[in-house]
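A.B. asks: dropping a prediction and its sequence here:
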2 protein chains.
Amino acid sequence: MPQSYDRVFNFSAGPCTLPVEVLEEAREDLLNYKGTGLSVMEMSHRSKPYEKIIGEAEADLRTVLGVPEGYKVLFLQGGASLQFTMIPMGFLPAAASADYIITGAWGKKALEAAQMVGTVRKIFDAKDSNYNHAPKLTSLDVDPNAAYIHYTSNETIQGVDFFEDPSTAGNWVCDASSDILSRPMDVSKYAMMYAGAQKNMGPAGVVVAIVRDSFFDTLVEKTHPMLDYRVHAENGSMYNTPACWSIYMCGLVYKYLLRNGGLAASAERNQKKAGTIYSAIDGSGGFYKGHAVPENRSWMNITFTLPNEDLTTEFIAGAKAKGMIELKGHRSVGGCRASIYNAFPQEGCDALAQFMGEFAAARG
Amino acid sequence: MPQSYDRVFNFSAGPCTLPVEVLEEAREDLLNYKGTGLSVMEMSHRSKPYEKIIGEAEADLRTVLGVPEGYKVLFLQGGASLQFTMIPMGFLPAAASADYIITGAWGKKALEAAQMVGTVRKIFDAKDSNYNHAPKLTSLDVDPNAAYIHYTSNETIQGVDFFEDPSTAGNWVCDASSDILSRPMDVSKYAMMYAGAQKNMGPAGVVVAIVRDSFFDTLVEKTHPMLDYRVHAENGSMYNTPACWSIYMCGLVYKYLLRNGGLAASAERNQKKAGTIYSAIDGSGGFYKGHAVPENRSWMNITFTLPNEDLTTEFIAGAKAKGMIELKGHRSVGGCRASIYNAFPQEGCDALAQFMGEFAAARG
């Protein structure tokens, strides 16, 4: 049990590790938030204290991520999965078409949801390589008339990251659920960026949508109120009762990131953490094999296999016995996955790398 | 400051007061849930500890509410507001029509959302009385071929409650967001009952949908995955990452209710609490006027007016100075609203009634 509070090293792909000091702050204020006499969970979303909480969360997210003027920031429900439907419902008129780039499981889900709404083109699919790489965005045959071009900056299941902002024309829409805030991104290059909270931002239950004003102007005339970005924007994410507690927790995480050097420092920490584990893979003489090609190796989700299933099972059980949990890979990739989002500590990566070395030496 | 922890009496219409012992339990386990080494907010929703949490929440809700066999219980996102769209999308085929009963603001919103999906009939609307009463359900001219009949058991803004389960044929669909678990209800009479959590169940961010299997069989063939009850049911509310923390908190509340005598005891406490405040209204010689007609007076939301706006403002400020917050009524009704859901204590009602008496004596 490597941390205080007898906490484990939690390699879950999400929901996942949150900063201990953020959890401590939430605990401190749980029954009486800063002298208001009530819990954040009990506050009217229209009360002054809660308006301050959501207002600061938005402002801090804008600061830490560098959201330029001319973008709306919305806190919605239903996760990235509901965005998969809301995006084409809103931004894909009947006469138009949208381009989708598939580098893994989540991009595929986004594509399938969009196919139920309108006309889409799949302009890249890494299926033949079992999703082990991402293309250069500039290399793709993008429809110049596409309503938008959709991609998944980091594929959580495959551990494949583009590490690239768009640099060409077009309305680029990015599902950044699993790498937002892990490194600097140039939001100005995107028509829309969205991300479920439960990796790098906070607990599950809220999804952030960052939408350029000019992209808003392309919205179809009207859709169902809860599925209409305009309705949510006009009501400041308060058309209905938002996921108040999850937004509050995200706000605490944004402040934590700002206190700790912002995204440049995040990127440095994350690259080092990932490097620790990739080095253990590469230094194992082939005992561990990385799934992603080196240039797309995710800093967030490290996917690797062992020589066979028995060894994989033994490895996961052995790690668990040492307080390292949730290392089982998704069945589509097999093997192991170590998810090490922003709040996951370097010490956990060191511990895993050491165990990997010992295990390979004993069984290799 | 009337309670321990310097807590106020919080009359918010939702999110609202939660049981202190539930908040204490959440605080106790915040950084390490029952020896798992992590917070519930950090748990993979597919982990064994979380499966136990959501499984027990469902089982306890079934027990406390008396959900019969042959019903699905789903924990979804987007609140009752997204249900307003999902229900007609799923249960209102193009060739059919649904009946809506409007006794206040939320029923009206449900109707408007349904009108964007298909054909609906409004079979009752209490608009002419500014929504101060509910009809007897048996008195209505229900379409025998209606896909379903929708009503709002308690209107939060108007403080109007039916206090009646349906007793006639038809697929009755009830938005019970603000009175579920406040008193026994006969779930077997409903094709579907749904409720946002943030009144009587837990924090915002989750909505419970209880759907009869035979009503499921009437679903339209296919719709968008996140808007498809079948998809959520087939995946045990885990098609996407659910609102894990909010569901956990609801689970703690269900256990609290079971420990405290179930819904019969809830009803007794709630009727007494409401009676305390209605007595203060009725005993004021006309200084306070109740909005709802006596037979539909909500036990959850007590709406009343004072002689004029100046006195209303003074009353709300005076109450706040005594630690009683969120008493301002909605602009559509005016005056005051005291929301006293399950977890709101009798002492808060006593304190309000006493202040009402003193204020009327001084200003009446």
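C.D. replies: Yep, it's here.

A.B. asks: pull out the buried positions in stretch A:304-311.
C.D. replies: A:304-306, A:311 (16 or more other C-beta atoms under 10 Å in any protein chain shown). Bear in mind the C-beta positions are built from the backbone N, C-alpha and C, glycine included.

A.B. asks: ignore the last one, stretch A:144-157
C.D. replies: Per 16+ other C-beta under 10 Å, stretch A:144-157 contains these buried residues: A:146-157.

A.B. asks: contact partners for the nearest residue to residue A:175 once chain neighbours are set aside?
C.D. replies: Leaving aside its chain neighbours, residue A:175 sits nearest to residue A:152 (4.6 Å; criterion: C-beta to C-beta, 6 or more residues apart in numbering or on different chains). Residues counted as contacts of residue A:152 (C-beta atoms under 8 Å, 6 or more residues apart in numbering or on different chains) are A:101, A:103-104, A:106-107, A:110, A:174-175, A:177.

A.B. asks: now do the phi/psi pair for residue A:152.
C.D. replies: Taking degrees, to the nearest 10, you get phi -120, psi 110 for the backbone angles of residue A:152.

A.B. asks: hang on, the earlier thing: would you list the buried residues of stretch A:304-311 in CSV and tack on secondary structure, distance to residue B:188 and pLDDT?
C.D. replies: Shown next, in CSV, are the buried residues of stretch A:304-311 (DSSP: H, G, I helix; E, B strand; the rest coil; distance: C-beta to C-beta, whole Å; pLDDT from 0 to 100):
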residue, secondary structure, distance to residue B:188, pLDDT
A:304, strand, 52, 98
A:305, strand, 52, 98
A:306, coil, 53, 98
A:311, helix, 53, 98
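
A.B. asks: residue B:15: which of those is nearest?
C.D. replies: Nearest to residue B:15, judged by C-beta to C-beta, of those is residue A:304 at 43.3 Å.

A.B. asks: is it correct that the closest one is in contact with residue A:284?
C.D. replies: No - taking contacts as C-beta atoms under 8 Å, residue A:304 lies outside contact range of residue A:284: 9.1 Å.

A.B. asks: give me the below-cutoff pLDDT ranges for the stretch 151-300 of chain A.
C.D. replies: For the stretch 151-300 of chain A, no stretch is flagged by pLDDT under 70.

A.B. asks: okay, strands next: where are they in the stretch 201-350 of chain A?
C.D. replies: A:207-212, A:289-290, A:301-305, A:324-325, A:336-339 (DSSP state E, counting those that start in this stretch).

A.B. asks: is the third one positioned near chain B?
C.D. replies: Spelled out, it's strand A:301-305. No - Strand A:301-305 lies out of reach of chain B by C-beta under 8 Å from any C-beta of the partner chain, never closer than 13.1 Å.

A.B. asks: hey, where'd the helices end up in the stretch 251-364 of chain A?
C.D. replies: A:262-282, A:309-321, A:346-363 (DSSP state H, counting those that start in this stretch).

A.B. asks: counting by contacts, list what the second one packs against.
C.D. replies: Under the contact criterion of 3 or more C-beta pairs under 8 Å, 6 or more residues apart in numbering or on different chains; DSSP states H and E, helix A:309-321 touches strand A:336-339, helix A:346-363.

A.B. asks: okay, now residue A:316: neighbour count?
C.D. replies: Using other C-beta atoms under 10 Å in any protein chain shown, residue A:316 has 19 neighbouring residues.

A.B. asks: next one: residue A:103
C.D. replies: 28.

A.B. asks: and residue A:283, by the same measure?
C.D. replies: For residue A:283, using other C-beta under 10 Å, the count is 13.

A.B. asks: repeat that for the one 3 residues further on.
C.D. replies: Here the neighbour count serves as a burial measure; for residue A:286 (other C-beta under 10 Å) it reads 10.

A.B. asks: equivalent analysis for residue A:358, please.
C.D. replies: The burial count assigned to residue A:358 is 12, neighbours taken as other C-beta under 10 Å.

A.B. asks: now it: how far from residue A:199?
C.D. replies: 29 Å (C-beta to C-beta, to the nearest Å).

A.B. asks: end-to-end on stretch A:204-221?
C.D. replies: 31 Å (C-alpha to C-alpha, to the nearest Å).

A.B. asks: show me the contacts for residue A:214.
C.D. replies: Taking C-beta under 8 Å, 6+ apart, we find residue A:214 in contact with A:70, A:191.

A.B. asks: ok so, going back, right, and the helices of the stretch 251-364 of chain A - which one's nearest residue A:218?
C.D. replies: With C-beta to C-beta as the measure, helix A:262-282 is the member of the helices of the stretch 251-364 of chain A nearest residue A:218 (28.7 Å).
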